[in-house]
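Student: predicted model, plus sequence, below.
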Amino acid sequence: MRAVNAPVLANSVPPTSGPPPAVAERPTRIVVDLDRLARNLRLIRAHVGVPVMAIVKANAYGHGLVPVARHLQAQGVEQLGVAFVEEGIALRRAGVTAPVLVLGGIFGRQVAQFIAHDLEITVSSLDKLRQVEAAAEALGRKATIHLKIDTGMERIGVHSYSARGFIEAAVASRWCAVKGIYSHLACADDPHSPMTLQQLERFLEACAHFERIGAPMPLRHLANSGGVLHFPGTWLDMVRPGIVLYGVQPDPASRRTIPVEPAMSLASQVVYFKVVQAGHPVSYGATWAPPRDTRVVTVPIGYGDGYPRSLSSRGEVLIRGRRYPIVGRICMDQFMVDIGRDSAYNEDEVVLIGRQGGEAIAVEDLARLAGTIPYEILVGLNDRIPREYRGG
Ligand SMILES: Cc1ncc(COP(=O)(O)O)c(C=O)c1O
């Protein structure tokens, strides 16, 4: 996991400011392969044949909001999507100029910030439409909006069956430019779920109201990764992939219809070696003890980095091309690995996500072992872990 292509550390400082910060010395690294990210984007585009809104919320699914957004912009991605206005502002402050839609529900007090930073607004009720209009009028600048229709999530959005008045009000608005209309799929990860086609039907019925009233049809977008992978009918005018863009499958039931590859790997180094005698328990709570004398190494990463504690005595790592179990409870900053009678030395590379020799550990594997979804593993890896960017 050593850098080959002049890696860029996300938290590095300009060369004029002296020695690198201490955090750069940390052996634990997330490496993001920007070439893979670009390739995944190309594969998705080729598959769907419509523009892509790349979803970069939650620190670009743990890959680093600004470096990922910059790279996707350089690849000509049509649009970016984030969850919160502050994520959009961070992109603008970093010089990202691509169109950015904020997907989350808004508060009236935030509208001026949206407009000031040229961020597109999700309008999810008549009430919020009025708030956006009032703020835009007060500023004397039009707001760019996407109407959110609820077709089955029962989250934010106007129910598809009562969207007509909402659409009419948005079209009539003097201070809002309706750029898009969208909804979100609840079950598209499962290629066999009947819910997706039902949601598509409801969405198209709502959109048809633009034609009925003789208004121009805005951009219709519906497909998340599940939609992109399994339901061509949902691709419409633009798709909104998140997890598949990073090369991870949304669900064990998902079909690999696009040969994307993971952009993230995570590795550390052995920091300690010892022999643990039979019956001597390892880590907090003394929940695991070896049945015979064994060799145990310590790895300096823990739940304080967002590596899930639920992988205690369940997770696996790769050392010297072999797979070994995590034993005992994962601590805040370290965990222990049983290497049996094998050898490992201080500073040996420990792969937590990614490949080593002929072996690989995927985010999907960790999610299964931790009893969660790959999304939670990715976004949980926090900023204490330095990110290194290769390629691009
Ligand atoms: C509105 C919306 N669109 C698209 C996405 C991307 O989803 P996925 O990562 O499953 O592709 C999300 C993520 O939750 C979302 O909330």
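Tutor: Now that the structure is in, tell me what you want to look at. Residues are numbered from 1 along each chain as shown.
Student: can you give me the strands in the stretch 151-300 of the chain?
Tutor: Taking DSSP state E, counting those that start in this stretch to define them, one finds strands in the stretch 151-300 of the chain at 158-159, 176-182, 219-223, 238-239, 264-269, 272-276, 294-299.
Student: between those, which one is closest to the ligand.
Tutor: When the strands of the stretch 151-300 of the chain are compared by C-beta to the nearest ligand atom, strand 176-182 sits nearest the ligand, at 7.2 Å. In short, each C-beta sits where N, CA and C put it, glycine included.
Student: buried residues in that closest one?
Tutor: For strand 176-182, the buried set under the neighbour-count rule, 16 or more other C-beta atoms under 10 Å, comprises 176, 178, 179, 180, 181, 182.
Student: count of neighbours near the residue of the stretch 151-300 of the chain found nearest the ligand?
Tutor: Here the stretch 151-300 of the chain gets closest to the ligand at one residue, residue 242, 2.4 Å apart by C-beta to the nearest ligand atom. Counted by other C-beta atoms under 10 Å, the residues lying close to residue 242 total 22.
Student: can you tell me how far it is from residue 122?
Tutor: Here residue 242 is placed at a distance of 16 Å from residue 122 (C-beta to C-beta, to the nearest Å).
Student: how about residue 190?
Tutor: 26 Å.
Student: which residues of the stretch 1-150 of the chain lie near the ligand?
Tutor: Residues of the stretch 1-150 of the chain lying near the ligand by C-beta under 6 Å from any ligand atom: 55, 103.
Student: ranges for the helices of the stretch 1-150 of the chain?
Tutor: 34-48, 57-61, 65-74, 85-93, 111-116, 126-139 (DSSP state H, counting those that start in this stretch).
Student: most packed of those?
Tutor: Of the helices of the stretch 1-150 of the chain, the one with the most neighbours on average (mean count of other C-beta atoms under 10 Å) is helix 57-61, at a mean of 22.
Student: which neighbouring elements make contact with that helix?
Tutor: helix 65-74, helix 374-380 (3 or more C-beta pairs under 8 Å, 6 or more residues apart in numbering; DSSP states H and E).
Student: does any part of the shortest one sit near the ligand?
Tutor: No. Residues of helix 374-380 contacting the ligand under C-beta under 6 Å from any ligand atom: none, with a closest distance of 6.6 Å.
Student: need the contact partners of that helix.
Tutor: 58-59, 61-63, 242-243, 246, 248-250, 264, 306-308, 363-364, 366-367, 370 (C-beta atoms under 8 Å, 6 or more residues apart in numbering).
Student: just these: which are in helices?
Tutor: 58, 59, 61, 363, 364, 366, 367, 370 (DSSP state H).
Student: which ones are touching the second one?
Tutor: Okay, so that is residue 59. 65, 379, 383.
Student: please convert these to TSV, extending it with pLDDT.
Tutor: Below are those laid out as TSV (pLDDT from 0 to 100):
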residue	pLDDT
65	98
379	98
383	95
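Student: residue 332: how many residues sit nearby?
Tutor: Residue 332: 13 neighbours (other C-beta under 10 Å).
Student: sorry, back to before: of the ones in helices among the contacts of helix 374-380, which is the nearest to the ligand?
Tutor: residue 61 (7.1 Å).
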